[in-house]
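Participant: Could you work out the structure for the sequence below:
(one chain, ligands or ions: 2)
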Amino acid sequence: MDLIQRISRQFEDSIRVKQDALELMAAPLAGAIEVMTACLLGNGKILACGNGGSAADAQHFAAELLNRFEMERPPLAAIALTTDTSTLTSIANDYDFAQVFSKQVAALGQPGDVLLAISTSGNSPNVMAAIEVAHEREMRVVALTGKGGGKIGEQLADGDIHLCVPADRTARIQEVHLLALHCLCDGIDCSLLGVEE
Ligand SMILES: O=C(CO)[C@@H](O)[C@H](O)[C@H](O)[C@H](O)COP(=O)(O)O
Ligand SMILES: [Zn+2]
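Facilitator: Numbering: from 1, shown residues only. Ligands and ions are numbered 1, 2, ... in the order given. Alright, predicted model coming up:
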């Protein structure tokens, strides 16, 4: 096995997916930045959820809003719904794993808040349940998906934003999700601080 060749293929594949994604995702990403900035300026908050690598992404994004990204600015309101093991285990134990995020959205979500829903397949039942409750709570949804968007692509409502990575491989989709999240952080900071370039 030629490891250098395998590594080269991974890099080339990742670069190609990112180039494809730029064309398809730039406009909806700009829309998501506007929705999230308006939410935060209106004293709303962003709730973020996902499973596995996407749970890590939800936490990564929430930390960059709560603490900082690249510019100095006041802390911003974001909560990852993936971190409280007492909440997660009790909901999964007493009810169903499909409700681990939706119960938190029901408790914390307010009209005008945004749900950041992350699923590479677009088919995770707990992320779908969170979207359903977000709609009931009059929240807008920004969904990060891949593989054609799955069931989440069909579940989204008017006013929601779908950021779908044009790839089928979970790792590649996750790599673009992280780039997309950094674009959101950068765009929110620039919008809030009035940075032109
Ligand atoms: O990171 C990986 C695989 O690359 C996994 O942990 C992956 O995130 C998990 O299988 C998730 O449960 C997949 O869920 P989803 O992205 O399809 O909603
Ligand atoms: Zn980061």
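
Participant: What is the neighbour count of the residue in the chain positioned nearest to ligand 1?
Facilitator: Minimum separation of the chain from ligand 1 (Cβ to the nearest ligand atom) falls at Gly52, amounting to 2.4 Å. For every residue, glycine as well, the C-beta is placed using N, CA and C. Residues lying near Gly52 (other Cβ atoms under 10 Å) number 14.

Participant: And Asp94, by the same measure?
Facilitator: 9.

Participant: Now do it, the pLDDT please.
Facilitator: At Asp94, the pLDDT value in this model is 98.

Participant: what does Glu197 give?
Facilitator: At Glu197, the pLDDT value in this model is 69.

Participant: just to revisit the earlier point, report the separation between the residue of the chain closest to ligand 1 and Glu64.
Facilitator: According to Cβ to Cβ, to the nearest Å, Gly52 stands 19 Å off from Glu64.

Participant: Val115 belongs to a strand?
Facilitator: Wrong residue type there; residue 115 is Leu, not Val. Yes. Assessed with DSSP: H, G, I helix; E, B strand; the rest coil, Leu115 lies in a strand.

Participant: check contacts around it.
Facilitator: 46-49, 105, 109, 130-131, 134, 139-142 (Cβ atoms under 8 Å, 6 or more residues apart in numbering).

Participant: Highest neighbour count among those?
Facilitator: Ala130 leads those on contacts (other Cβ under 10 Å) with 32 neighbours.

Participant: That residue and Ala117 touch, don't they?
Facilitator: Yes. Using Cβ atoms under 8 Å, Ala130 is in contact with Ala117, at 6.1 Å.

Participant: Which neighbours do those two have in common?
Facilitator: Counting by Cβ under 8 Å, 6+ apart, the residues touching both Ala130 and Ala117 are Cys49.

Participant: ok, back up a step: the contacts of Leu115 in strands, which ones?
Facilitator: Secondary structure from DSSP state E places Ile46, Leu47, Ala48, Cys49, Arg140, Val141, Val142 of these in strands.
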